[in-house]
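Colleague: okay, structure incoming, though there's no sequence with it:
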């Protein structure tokens, strides 16, 4: 299950993309538009800055903005930064120890296929796909 952290991170990214002017966008403005607590968003954007998705500036004229163009971000990278691995079972995480049952596990192909579908779905969607077109 994807938590509010992951879902809100996507909403922040969409908001920044839709309101991009070249200037930093204050977090209070994002919080107001999205109906999310500014305090909670501070925690989320801190992780996003540390993960290289956003850049932030403090003080007058400060706020946040995207590091790249919306079409260069996948939804998968945003979710994995905020949630960790998308693996459905522990034996398929990147840091999993080799499973002694892998050779005889009858369910492993099922989980591998499911993980491929999930990965391909989220990494096949771009931030630009989620933006409302301004007309």
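Modeller: Okay, I see it. For clarity, every value in this text was computed on a predicted model and none was experimentally measured.
Colleague: hey, where'd the strands end up in this protein?
Modeller: 54-57, 63-66 (DSSP state E).
Colleague: list the contacts for the spatially most central residue of the chain?
Modeller: What sits nearest the mean C-alpha location of the chain, by CA atoms, centre = their mean, is residue 78, with 1.8 Å. Residues in contact with residue 78 (CB atoms under 8 Å, 6 or more residues apart in numbering) are 6, 9-10, 13, 53, 127. C-beta here means a position set from N, CA and C on the backbone, and glycine is covered the same way.
Colleague: neighbour-wise, which one of those residues leads?
Modeller: If you count neighbours using other CB atoms under 10 Å, the busiest of those is residue 9, which has 26 neighbours.
Colleague: right, and that one touches residue 82 too?
Modeller: Yes: using CB atoms under 8 Å, residue 9 is in contact with residue 82, at 4.6 Å.
Colleague: shared neighbours of these two, which are they?
Modeller: 44, 47-48.
Colleague: filter these down to just the ones in helices.
Modeller: 44, 47-48 (DSSP state H).
Colleague: just the buried ones from those residues?
Modeller: 44, 48 (16 or more other CB atoms under 10 Å).
Colleague: CSV please, covering the ones in helices among the shared contacts of residue 9 and residue 82 and showing pLDDT.
Modeller: Shown next, in CSV, are these (pLDDT from 0 to 100):
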residue, pLDDT
44, 97
47, 97
48, 98
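Colleague: adding distance to residue 99, write the ones in helices among the shared contacts of residue 9 and residue 82 out as JSON lines.
Modeller: JSON lines is the format used below for these (distance: CB to CB, whole Å):
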{"residue": "44", "distance to residue 99": "34"}
{"residue": "47", "distance to residue 99": "30"}
{"residue": "48", "distance to residue 99": "33"}
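Colleague: which of the ones in helices among the shared contacts of residue 9 and residue 82 lies closest to residue 22?
Modeller: Set against residue 22, the nearest of these by CB to CB is residue 48 (19.1 Å).
Colleague: against residue 96, how distant is the closest one?
Modeller: Distance, residue 48 to residue 96, using CB to CB, to the nearest Å: 26 Å.
Colleague: residue contacts, the nearest residue to residue 37 once chain neighbours are set aside?
Modeller: Of all residues not flanking residue 37 in the chain, residue 31 sits nearest, at 6.6 Å (CB to CB, 6 or more residues apart in numbering). Taking CB under 8 Å, 6+ apart, we find residue 31 in contact with 37-38, 41.
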